[in-house]
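Undergrad: next one to model:
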Amino acid sequence: MTHEHFELTLVNRRWVTPRVLELTFVRSDGQAFPYVPGQFVTLHLDTPDGEIRRSYSIASLTHDLGRIAIAVTRVEGGRATEILNRLAPKDRVRASGPFGRFVLREDTGMDYILAATGTGVSPYRAMLGQLEKRLSDTACEIRLLLGVRSPEELLYGEDFLALARRAPRFRFEACLSRSLSDPPAAHERRGYVQEVLKALPLDPARHIVYLCGNPDMIDASLEHLKGLGFALPAIRREKYLSSN
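TA: Residues are numbered from 1 along each chain as shown. So this is what the prediction gives:
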């Protein structure tokens, strides 16, 4: 798949959590935007000091092909955040992509652990159609761990819970570091993602692990998995680095 430079037009904006803004674009030239779920797009944003570039995983559902949804966390004083927060429908930005290899591969006979923090869950949302098909076509089990601070910050949680209701071999767990619901929901767990991950009965002969989001979570999880005997090809990572 080639990398293109193109212009995007904003068609919708909505706050999906108190701190995360979802922006949905289409290509201004009307062309399709083929990508593999799990890949990201880079926005080229103009500032008084020149162009800055920020990359965002595509969070679009697979049935929404042609639209490019991204989830943007509000960062106090962030240059990119301020620009994107001001965008209104019909505004345009320059972009390039798609990029990235954090995609769902064919792993015969393996189960999956998908772990994320915050907007690091975006690529898994884009993979929902693929995940459901894999659950239908194979006997695999898939477990998704999403780490946020509190229930109201559970990004795309309803989409994952809906899949869990449809597919018994898909399990979604919210790893909450600050507060749980009162009373706690069945899918809620107290603690950080890496802590919940360490408590799972993982088997290098049976599991493939995807890690996306906060570098500290990824580094801690990586060391734990290596200690269990996981080979690096079975640990797929995408770090989200903070920038202003």
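Undergrad: tell me which helix or strand comes right after the helix or strand encompassing residue 26.
TA: Taking DSSP states H and E as the definition, residue 26 sits inside strand 20-27. For strand 20-27, the following helix or strand on the C-terminal side (DSSP H and E) is strand 40-47.
Undergrad: buried ones in that following strand, by neighbour count?
TA: The neighbour-count check on strand 40-47 (16 or more other C-beta atoms under 10 Å) flags 40, 41, 42, 43, 45 as buried. In this view, the C-beta of every residue, glycine as well, is placed from N, C-alpha and C.
Undergrad: hang on, isn't the second one packed against residue 54?
TA: In this case it means residue 41. No: Residue 41 is beyond contact range of residue 54, at 9.8 Å (criterion: C-beta atoms under 8 Å).
Undergrad: from residue 93, how far out is the residue sitting furthest away from the middle of the chain?
TA: What lies farthest from the middle of the chain is residue 48; by C-alpha atoms, centre = their mean that is 30.5 Å. Separation of residue 48 from residue 93 (C-beta to C-beta, to the nearest Å): 16 Å.
Undergrad: domain map for this structure?
TA: With automatic domain parsing as the criterion, the domains of the chain are listed as 4-99, 111-239.
Undergrad: list phi and psi for residue 145.
TA: phi -110, psi 120 (degrees, to the nearest 10).
Undergrad: how about residue 165?
TA: Per degrees, to the nearest 10, the backbone of residue 165 is at phi -70, psi -30.
Undergrad: any idea how far it is from residue 172?
TA: Taking C-beta to C-beta, one finds residue 165 at 10 Å from residue 172.
Undergrad: those two: who's more crowded?
TA: Shown here are residue 165 and residue 172; by other C-beta atoms under 10 Å, residue 172 has more neighbours (21 against 10).
Undergrad: hmm, the more buried one is touching residue 158, no?
TA: No: counting by C-beta under 8 Å, residue 172 stays clear of residue 158, with 10.1 Å between them.
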